[in-house]
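Q: Just to be clear, the model below is a prediction. Sequence and coordinates:
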Amino acid sequence: MKTIVALPGEGIGIEVVEATCDLMVAAGMPVEILTPAQYDRPGSALPEATRQACREADGVLFGAAGPDTAQVIGWLRWGMDAWAGVRPAKFMSGMQSPLADPDGIDCIILRENSEGMYPGREGDLADIKRVLPDLTDMFGRTLGECGDGKFAVKVVTRAAAERIGRFACELALARKARGYPGKVTCVAKSNVLPISDGLFESTIREIVAGHPELSYDYYHVDDAARRAVRYPKTMDVVVCMNQYGDIMSDIIGEVAGGLGVSASGNYGDDGWAYFESCHGSGPDIAGQGIANPTATILSASMMLEHMGLSSEAARLEAAVEQVFREGKTLCRDQGGTATTKQMADAVLAAYQNQ
Ligand code: ATP
Ligand code: MG
């Protein structure tokens, strides 16, 4: 028996996690699901007992974060240093893609989760001007010459670029063994930020060069965004700096089928990881029982794979694929009328028939 800690988060997260957990249990998977106290009151941190349960569990499934659960997701991602964000974008026949011919979109956005712009190191410009008055921009203007304002710091370390580069290569090699092209694409903006983004790009390039069986290409983030819409099928493993990965995964997720079907896993050290849908708490549809559970079910499939339950993981994904192919029991965001529970039940029935 493996243990899973399920943290619903809030809004539709509660509904889709419940549907996904019921499905795993009804399917007879060898898992025990714990749903510990999430927090003492909205907005507060996770109680220590819940943190310990998350550290010890074989799998952690989170629903969706909203304003009251920002601290929960903050702890899961940054508290546990889940530095590799894996966001697959895979079109399944029957999904609502905005493209005319989406068949064959099947890539992974790999987001560096730990640094870049997003840890939110910000402050008053006056403070940094005092320390670095002579720091110049590409036009030769010094910080000291700027007016009043705020700043944000973007940090790129070689160590973090190396570890995400190695992760990208392992992913691409594992996929290549299953018939994928074996390509790592790096996304940054090294023409405008040659020192910081440049370090990220050159480090990834060096790491990939250590694997002659993999190919490598690089696109500036604006070009990569355009390509994600125009040529999504040419992408395999796309490794992005934090903020770019946030944006790229939304773009390509939408191109494949939308927020309702976009899953993710966030991996840290020593085999620890947690899994969550890419969407938020859906305040506009929360409480109605109509949220699409697919994003969370596919996140659970990634979690089962991570836990060593590979056949259950593959079977669950195949069941989702069957439900989309048949197209009879889809939620509203995918053009159907099914409720969350009806769609999850259809996946369960397909799972049992695999
Ligand atoms: P939050 O601040 O919690 O992220 P939000 O307003 O950004 O809230 P999201 O959850 O990110 O809302 O969703 C954006 C849009 O996509 C909303 O209209 C929401 O209803 C829709 N959506 C998101 N997830 C799903 C889902 N699983 N099924 C159906 N629609 C969804
Ligand atoms: Mg949102």
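A: Here it is on my side, so go on. Ligands and ions are numbered 1, 2, ... in the order given.
Q: Next, the contact list for F91, please.
A: F91 sits next to 97, 102-106, 256-257 when contact means C-beta atoms under 8 Å, 6 or more residues apart in numbering. In short, each C-beta sits where N, CA and C put it, glycine included.
Q: Can you tell me which of those is nearest ligand 1?
A: Ranked by distance to ligand 1 (C-beta to the nearest ligand atom), the contacts of F91 are led by G257 at 11.0 Å.
Q: I am assuming the closest one contacts L99, so please confirm or correct that.
A: No. G257 lies out of contact with L99 (C-beta atoms under 8 Å); the separation is 10.2 Å.
Q: And these two? Which one has more around it.
A: Taking neighbours as other C-beta atoms under 10 Å, G257 and L99 compare with G257 leading, 26 against 15.
Q: How about the contacts made by the more buried one?
A: With contact set as C-beta under 8 Å, 6+ apart, G257 has these partners: 91-92, 95-97, 102, 334.
Q: tell me which element the closest residue to ligand 1 within the chain falls in.
A: Taking C-beta to the nearest ligand atom as the measure, the chain has G280 as its residue closest to ligand 1, at 1.8 Å. Secondary structure from DSSP states H and E places G280 outside every helix and strand.
Q: next one: I164
A: In the assignment (DSSP H and E), I164 maps to helix 158-176.
Q: which SS state does M248 fall under?
A: Under the three-state scheme (DSSP: H, G, I helix; E, B strand; the rest coil), M248 adopts helix.
Q: Numbering from 11 from now on, please.
A: Renumbered: residue one is now 11, and that last one reads M258.
Q: got a pLDDT number for it?
A: As summarised for this prediction, M258 has a pLDDT of 97.
Q: ok, it - how many residues close by?
A: Each residue near M258 was counted by other C-beta under 10 Å, and the total is 26.
Q: in terms of contact, does it touch C250 like I think?
A: Yes. Under the criterion of C-beta under 8 Å, M258 makes contact with C250 at 5.3 Å.
Q: who touches both of these two?
A: Residues within reach of M258 and of C250 at once, by C-beta under 8 Å, 6+ apart, are 119, 121, 197, 231, 234.
Q: Format those as JSON lines; extra columns: secondary structure, neighbour count and distance to ligand 1.
A: Supplementary listing: the shared contacts of M258 and C250 in JSON lines, determined by DSSP: H, G, I helix; E, B strand; the rest coil; neighbours: other C-beta atoms under 10 Å; distance: C-beta to the nearest ligand atom, whole Å:
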{"residue": "I119", "secondary structure": "strand", "neighbour count": "31", "distance to ligand 1": "17"}
{"residue": "R121", "secondary structure": "strand", "neighbour count": "29", "distance to ligand 1": "17"}
{"residue": "V197", "secondary structure": "strand", "neighbour count": "29", "distance to ligand 1": "22"}
{"residue": "V231", "secondary structure": "helix", "neighbour count": "20", "distance to ligand 1": "21"}
{"residue": "A234", "secondary structure": "helix", "neighbour count": "25", "distance to ligand 1": "22"}
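Q: that older thread, so which of the contacts of F101 belong to strands?
A: Under the assignment DSSP state E, those contribute D116 to strands.
Q: Pairing partners for the closest residue to E66 other than its chain neighbours in the sheet, please.
A: Once flanking residues are discounted, E66 sits nearest to T13: 7.5 Å by C-beta to C-beta, 6 or more residues apart in numbering. In this entry, T13 is beta-bridged to E42, by DSSP bridges.
Q: ok, which residues in the protein are in contact with ligand 1?
A: For the chain, the contact set with ligand 1 under C-beta under 6 Å from any ligand atom comprises 22, 26, 76, 269-270, 289-295, 301-302, 305, 341, 343.
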